[in-house]
Structure formats: structure tokens, C-alpha cells
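# here is the input, now give the coordinates:
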Amino acid sequence: MSVGYQKADYLISVYTGIRIQNILGVSLLLFPILFLVLSKKCSGVNFSLFKEISISPFPALINVYVIILFLYGIIRENNFIVIAWELYPAAVLLLSYKISRLDSLWVVLGNYWIYLFFTVLVALGTIQIREDILLVGLQDKVESITTATVAYEISPILDLWPMIFLLGFLNKKVTNKVLPFLPAIVYVGFQFFFVKRAPTIRAYTYILSAYLIAAYYKSVVDQKSLAPRILAMAFFCFLLYISLPSSLMERFGEKDTSRQEETLQALTSFTPLEHVFGRGLGGWYALPEGAGVVENFYGPNKVSGKDITHIGITYPYLKGGLLLVFLIALHLITVVVFSFKHISKLTYIELACVCFLIVYTLFRLVEGPISTGALFDTTLFGMTLGRLEFFKRKIITRNDEYNAEKMPIELMES
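Coordinates of the predicted model:
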């Protein structure tokens, strides 16, 4: 709810002229992390990254390396405000990672009423710009600053939908088979309206991946053939394809190489040492022209540049070089491969985590990185990775200490 209010502050100011964040004098982004800290304290969870480091060294290594990058950024005299803002999602990731073992928190994530509240906020924002859209037309709607504000600033509160869908779809206790799809329908509907390409394809991929993982699970547990399910999925893919509106199909035909040019400009400016270790937190690169250029100036000579990239994989490369990319990739690959090797032992929560982690990671390779404002993305990424790491340690050690709250957990049969 604190995330929703932070995103809604813009909308409230539009309707009332009152900006709560200005009145309080502090960023509303402080409240989500405060509630994560309280969740950690009240839950009594003690999930140490350094415990059993021989089983899985990557969480501890990444954590230590981020601290080193923080110090490295200060030594390089990078902008301290940027460094602080980049520490924020790192803190959210770490806290989410640690609290992920509790089943009760995953039940909260599957709450449809919270998502309904977020949907109302986005709908109000959309109504606010209706006259602007009618006046400027469809093509200008895509470029409209007002529309972009709603699409980028308010709509991200709907990014919680994949986990609500996955937890409902993979849980046998959910008897209403239509209910899990409602968040997906709402989310895709808004993406159609805003003519957003990547979010639409990502949403379709979540749905198809959930069906495929559920089918694979059934084939392993019940020894049933995958062929009928694959044929059904192929037909479903066709239905999803024909559901795309013509305005969105036209955008898929557009060619834009500015993001690739931006990345090339960043990478060609690296020294051999920076290719290995990056430029630390707050690291930046000169960019006189390219995608999304804003008036940011760095260094004593006030060079025009950016401290973020449009292509996700180049962001950890910019901050921590090949070493950070290598550590993150190995951590992701090891937990996903281990989960598939022991898929028959996964609960519906872990199955949802596997699906989310695979799809989210693949799209993050080419989309923008996790930003300070993408709180749900950061939280879900941290919780899914932490939950699968917790599962891995539990299986390897067979330790009762890892048994969290017990509750009936089963997979949906469809």
C-alpha cells in the first residue's frame, strides 16, 4: 500500500494541487523500505547470506561486491546522490531476499483487493488524460508527455500482477479458474491503451510460461505426456496473437536503434580495467546523443552523460563490470537449474518463483534495469530469487531449521 501511495502522489497533486511528499519533506520511497524492515524484524527470520557459504557462495559474494562498488564509486568521486539512489534498490533486493522464506508473505502478495486498489489509481490517471488523448490523436498519444507520465510513473504499481496470477494459477486451492487471469487482463488492457510493446509481450510470456511449467510439472509427477498440452498451448499462442490491436502491431514494425547506439557508446569508452570491474555505484558515461538523453552533467568539465542504460544487461556491466555480470548470472542459473532438477519437490510458491524469475530475467536483459522507482519489480525479483535459494539450501542440508510456516500447498491440476 505504501508503494501504491508513493506512485499515487503525482495523481493526488493533479486533482488537488497538494503534493504530500513536499509537505512531509522526505521522499515517500522511504516508507516501502521501512515496511520491509519491519517485516523482517517482526517475522523473526534469520536468513544469513554467509551461512553455508560453501553450498551457495554467490549471495554473499554479490553482497560484498556491492559494498566494494559503493566505496569504489566514492573513490572515483561519482555523484553521491546517484550512489545513494542506487543503494536503495540494492537494499530493497536484500530485504526482499531475506523475508522470502515465509509462506504468509506470499499469501499477502496474492491479494486481489490490493490489486483492485492499484487498478483504480491507474484508471483515475487514465481518465485525467482522456481529453489530451482525444485532442492529440493516437500517434501523439504515444509521445505525449502527460500520457508517458501515467504510463511510466503510475502504471508500474500494476507490475505486481505476475505474482498474483502465478500464485493463483498454480495453486489447486483456488477453485475459481478465471480469477487468476483478471490481473493479467487488467494489466494487458492498460498496455493496449498506452500502446506499449515490451510489457504486452512480457505479459503474454508469463501466461504461456506458467502453462508450460505447470504441464512439465504434471509430466514429471504424474508421468503424463506433454504433447496434448503443447498443442493446446500452440492454439493459445494463436489466440493471443490475433488479440493484439492494430495500433500495437504497427509499433512492432517500427525500427529504433538508439538503445543499441547508446550501449555501444558506453562500452567503447571503457578502459580494460573498467571492463572487468566497472565504474562503481554512481558510474556514468558520456553521451552527447542517443536514447532518452536528459540534461545530466558529470565530472569537473560537466560532460553530458547518463548513469543508467536502456539495455538491462549493460547496467550491472557499467557499475560492476564483467565480474558483477558473472556473479549475478551464475547465481540465477544455479538456482533455476537446481529447481528444475528437483521440480517434483517444489510447492506452488516455488513454481511461481521459477516462472517469474526466468521470464523477468530474460526480458531484463534487453529492457531497462531495475530502477529506484520500480519497487514491485525489485521486491518480486528479490523474493523469488531468495525463495529458490532457500529451497536449494533446505534440500541440500535437509535441515529442519529451514522449515517455515506450514500450510497446505498443492499444484493446480489444469
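# number of nearby residues for residue 176?
9 (other Cβ atoms under 10 Å). Backbone N, C-alpha and C define where each C-beta goes, glycine included.
# okay, and residue 320 sits in which element?
For residue 320, the host element (DSSP states H and E) is helix 314-341.
# what number of residues lie near residue 155?
Neighbours of residue 155 using other Cβ under 10 Å come to 23.
# let me fix that, I meant to ask about residue 102.
Neighbour number of residue 102 under other Cβ under 10 Å is 21.
# what's the average pLDDT for the helix or strand that residue 120 is a member of?
Element membership for residue 120, per DSSP H and E: helix 112-128. In this model, helix 112-128 has a mean pLDDT of 75.
# and that helix, what does it pack against?
helix 2-16, helix 161-169, helix 182-194 (3 or more Cβ pairs under 8 Å, 6 or more residues apart in numbering; DSSP states H and E).
# what's the angle from the second one to helix 112-128?
Here helix 161-169 runs at 140 degrees with respect to helix 112-128, directions being taken by axes from the mean of the first three to the mean of the last three Cα atoms, to 10 degrees.
# alpha carbons of helix 161-169, in PDB - could you do that?
The C-alpha trace of helix 161-169 is given here as PDB (Å, rounded to 0.1, in the frame of the first residue of the first chain):
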ATOM      1  CA  TRP A 161       0.200  -8.700 -11.400                       C
ATOM      2  CA  PRO A 162       2.500 -11.600 -12.500                       C
ATOM      3  CA  MET A 163       2.900 -13.000  -9.000                       C
ATOM      4  CA  ILE A 164      -0.800 -12.600  -8.200                       C
ATOM      5  CA  PHE A 165      -1.600 -14.500 -11.500                       C
ATOM      6  CA  LEU A 166       1.100 -17.200 -10.900                       C
ATOM      7  CA  LEU A 167       0.200 -17.900  -7.300                       C
ATOM      8  CA  GLY A 168      -3.500 -18.300  -8.300                       C
ATOM      9  CA  PHE A 169      -2.900 -20.300 -11.400                       C
END
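# what is that helix packed up against?
Short answer (3+ Cβ pairs under 8 Å, 6+ apart): helix 161-169 packs on helix 103-109, helix 112-128, helix 182-194, helix 197-221, helix 348-364.
# mind redoing it with 6 Å?
Packing contacts for helix 161-169, counted by 3 or more Cβ pairs under 6 Å, 6 or more residues apart in numbering; DSSP states H and E, involve helix 182-194, helix 197-221, helix 348-364.
# before we move on, back to that, and the helix holding residue 120 with helix 182-194, angle?
Per the same axes, to 10 degrees, the angle that helix 112-128 makes with helix 182-194 is 10 degrees.
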